[in-house]
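**Q** Okay, predicted coordinates and the sequence, questions at the end:
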Amino acid sequence: MHTRTAHPINDNPQRTLANEDLLQAFNYDLQLRNLTPKTISCYLERTGYFVKYLHHHGATLAQVDRNVIQDYILSVKGSVSDETVNGRLRVFKVFWNFLLAEGLWSEVSPMKNVRMLRVAKRAKPVISPEDLQRVFKAIDRRTFTGFRDVCMLMIFWSGMIRLKEMRDLTAEDVDFQGRRLHIREGKGRKGRIIPLGVRTLKLLQQYLVRWRSQLPGEPLICMRSGEPLASRHVHKTVQRRGQRVGVKLNPHLLRHSAATWYAKQRGSNLEVLRQILGHSTLLVTQNYLHLSPADLVADHALLSPDRVVEV
């Protein structure tokens, strides 16, 4: 491992901040950005891996340069996936950008000109509308939990919302006349409008009149007591509904599968999809265009250039 002589932090030759001080300052900054606890934990965990690596080699953060970063990449490559390595490098960039912005680093960022590993994009698994139909057919809608779970699954599928957004919904967030959901602003996310299909709206209206109106509390999707569902409960409920018919299912997979299906429809608008999903840029939304060889053949058959030329 390459190391260099530690340089003074904050241009103070008498003191170099310890690794723990820098990580604590980074932690405070992440919290002030209103990031979710899960994201903060991920950032600190990935930075922590690097600090342990430095400690093992008798070095500190103040001694890090581009060579040290490259040595680290070589040390973990093969033991973790290339996607994981890139994920850690992205966090390191955020970390050193923070140090530079706060005046805690007096030289050029060691992440400058460090390239990500080239990773072949792999299509994530998706569930089909047919699979989801099987899940619906197996649910008994004559009970509160059955009808509630059908509504919950349809909101995930039709609205393509996140688990936490589902938990935060109230009856007032459903605009039947405007055919939409109102997703409120929350920690680390902006509010937005989600259009809903007629079938989903019909289910929600029946649910509210027949079941939800008899219970106290505000959450749209709730327990029998009217209390909100815990995130773990939502995840387990969706998972079990799929397991009963042999379909792997979870809230994020529903959102991802519906977005993928939407993106592949002829005439779909990626900007509309971006706003529905709440993505900051179209670059993220484009990841949902997972085209299989069969997709390419089917699409080409409709628009093939050889259809306009006689031979």
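**A** Received it, and whenever you're ready, just let me know what you need.
**Q** contacting residues around Phe95?
**A** Contact analysis of Phe95 by CB atoms under 8 Å, 6 or more residues apart in numbering lists 26, 43, 47. From N, CA and C alone the C-beta is placed, and that goes for glycine too.
**Q** And the pLDDT at it?
**A** pLDDT for Phe95: 95.
**Q** Verify the assumption that it is located in a strand.
**A** No. Read with DSSP: H, G, I helix; E, B strand; the rest coil, Phe95 is helix and lies in no strand.
**Q** any idea how far Asn113 is from Lys77?
**A** 18 Å (CB to CB, to the nearest Å).
**Q** The two: which is more packed in?
**A** Each of Asn113 and Lys77 has its neighbours counted (other CB atoms under 10 Å); Lys77 has more, 13 against 9.
**Q** what is that one paired to in the beta sheet?
**A** Applying DSSP bridges to Lys77 gives these bridge partners: Val80.
**Q** thinking again about what came up before, distance to Gln63 and pLDDT added to the contacts of Phe95, as TSV?
**A** Listed next are these as TSV, based on distance: CB to CB, whole Å; pLDDT from 0 to 100:
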residue	distance to Gln63	pLDDT
Phe26	17	92
Tyr43	22	93
Thr47	16	94
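**Q** Inside helices: which ones of those residues?
**A** 26, 43, 47 (DSSP state H).
**Q** Now do stretch 132-144: everything it contacts.
**A** Stretch 132-144 is contacted by residues 146-147, 149-150, 153, 157, 211, 224, 241-242, 244-245, 247, 249, 254, 257 when judged by CB under 8 Å, 6+ apart.
**Q** May I see the PyMOL selection of the buried members of those?
**A** This is how PyMOL selects the buried members of these, with burial counted by 16 or more other CB atoms under 10 Å:
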select buried, resi 147+149+150+153+157+211+241+242+245+247+249+254+257
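**Q** between the contacts of stretch 132-144, which is nearest Leu22?
**A** Distances from Leu22 to the contacts of stretch 132-144, taken as CB to CB, are shortest for Leu254 (39.9 Å).
**Q** Now flag whichever of the contacts of stretch 132-144 is closest to Leu163.
**A** Leu163 lies nearest to Leu254 out of those, by CB to CB, at 9.7 Å.
**Q** Turn the ones in helices among the contacts of Phe95 into a markdown table, columns for neighbour count and distance to Thr281.
**A** Shown next, in a markdown table, are the ones in helices among the contacts of Phe95 (neighbours: other CB atoms under 10 Å; distance: CB to CB, whole Å):
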| residue | neighbour count | distance to Thr281 |
| --- | --- | --- |
| Phe26 | 22 | 24 |
| Tyr43 | 20 | 20 |
| Thr47 | 21 | 25 |
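**Q** all helices for the stretch 151-300 of the chain, in order.
**A** Along the stretch 151-300 of the chain, counting by DSSP state H, counting those that start in this stretch, helices occupy 163-168, 198-210, 231-243, 251-264, 270-277, 282-285, 293-303.
**Q** which strands and helices sit next to the second one?
**A** By that I understand helix 198-210. Packing partners of helix 198-210 (3 or more CB pairs under 8 Å, 6 or more residues apart in numbering; DSSP states H and E): helix 144-154, strand 174-175.
**Q** just checking, what packs against the shortest one?
**A** Okay, so that is strand 174-175. Strand 174-175 sits against strand 180-183, helix 198-210, with contacts defined as 3+ CB pairs under 8 Å, 6+ apart.
**Q** Quick check: which of the ones you listed is buried the most?
**A** Of these, the one with the most neighbours on average (mean count of other CB atoms under 10 Å) is strand 180-183, at a mean of 20.
**Q** for that strand, packing partners?
**A** Using 3+ CB pairs under 8 Å, 6+ apart, strand 180-183 is in contact with strand 174-175, strand 192-195.
**Q** 6 Å - rerun?
**A** Here strand 180-183 touches strand 192-195, going by 3 or more CB pairs under 6 Å, 6 or more residues apart in numbering; DSSP states H and E.
**Q** coming back round to it: of the helices and strands packed on strand 174-175, give the one that comes closest to Leu61.
**A** Leu61 lies closest, by CB to CB, to one member of the helices and strands packed on strand 174-175: strand 180-183, at 39.1 Å.
**Q** per-residue confidence averaged over the closest one?
**A** On average, the pLDDT along strand 180-183 is 93.
**Q** Touching that strand from outside, list them.
**A** Identification of contacts with strand 180-183 by CB atoms under 6 Å, 6 or more residues apart in numbering yields 159, 165, 173, 191-196.
**Q** Just checking, which of these comes out lowest on pLDDT?
**A** Among the contacts of strand 180-183, Gly191 has the weakest pLDDT, 83.
**Q** Which residue, neighbours along the chain excluded, lies closest to it?
**A** Leaving aside its chain neighbours, Gly191 sits nearest to Glu185 (4.1 Å; criterion: CB to CB, 6 or more residues apart in numbering).
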